[in-house]
Structure formats: C-alpha cells, structure tokens
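S.K.: A structural model of the following input is requested.
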Amino acid sequence: MLITGKPVLPQTQATDIYLTALAILLTLTYLLGLLFRPKKKRLGMGTDSLVVLILYLVGVAGLFAVATP
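M.R.: Modelled structure (predicted):
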C-alpha cells in the first residue's frame, strides 16, 4: 500500500491466500520444533522436519488444485 497507494487485500487471488496460509503453517511447525526439540530422528531428520516435508508436499499438491480453473 505504501508503494502503490492502493489497498492490496482486495486484489489478492486464491493462490496468494493459500500460499500465505501454507507459509504460516510451515513456520509455525518449525517454531514448535525449536521450542520442543525432538530427540528422536526418523529417516535421518527430526520429527518437525519430517512434518514440514509432508506439509510442503501436500501444500504443493493443493496449490495445483487451487490454481487450476
């Protein structure tokens, strides 16, 4: 808004909102992983990283579902 002088939120697309929500969810997962340091490792990574990987893959698949008309 500071650069264009017009409100930004009314111009957002469904994909913008979806990607923002996905980024918030992934950041929250890593934040919880930092707070509750998992001791166990699965497939050579911590539980938080495994959850982020799964969320990312599901998120990319969901992005194709949201983006296709």
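S.K.: which stretches in this structure count as strands?
M.R.: For the chain, the strands defined by DSSP state E cover 41-42, 45-46.
S.K.: TSV for those, including distance to Thr20?
M.R.: For glycine as for every other residue, the C-beta is placed from the backbone atoms N, C-alpha and C. Converted to TSV, the strands of the chain look like this (distance: least, Cβ to Cβ, whole Å):
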stretch	distance to Thr20
strand 41-42	29
strand 45-46	25
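S.K.: adding mean pLDDT, write these out as a markdown table.
M.R.: Below are these laid out as a markdown table (pLDDT from 0 to 100):
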| stretch | mean pLDDT |
| --- | --- |
| strand 41-42 | 80 |
| strand 45-46 | 82 |
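S.K.: so of the ones you listed, which one's packed in deepest?
M.R.: strand 45-46 (a mean of 14; mean count of other Cβ atoms under 10 Å).
S.K.: what strands line up against that one, and which way round?
M.R.: Sheet pairing for strand 45-46, assigned by DSSP bridges, gives strand 41-42 (antiparallel).
S.K.: which stretches of the chain have low pLDDT?
M.R.: Scanning the chain for pLDDT under 70 picks out 1, 69.
S.K.: tally of neighbours for the spatially closest residue to Leu19 that is not a sequence neighbour?
M.R.: Once flanking residues are discounted, Leu19 sits nearest to Leu63: 7.0 Å by Cβ to Cβ, 6 or more residues apart in numbering. By other Cβ atoms under 10 Å, 14 other residues sit near Leu63.
S.K.: what sits against Leu63?
M.R.: Going by Cβ atoms under 8 Å, 6 or more residues apart in numbering, Leu63 touches 15, 18-19, 22.
S.K.: all helices of this structure, in order?
M.R.: Secondary structure of the chain, counting by DSSP state H: helices at 14-35, 47-67.
S.K.: CSV for the ones you listed, including distance to Ile3?
M.R.: Formatted as CSV, the helices of the chain follow (distance: least, Cβ to Cβ, whole Å):
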stretch, distance to Ile3
helix 14-35, 17
helix 47-67, 26
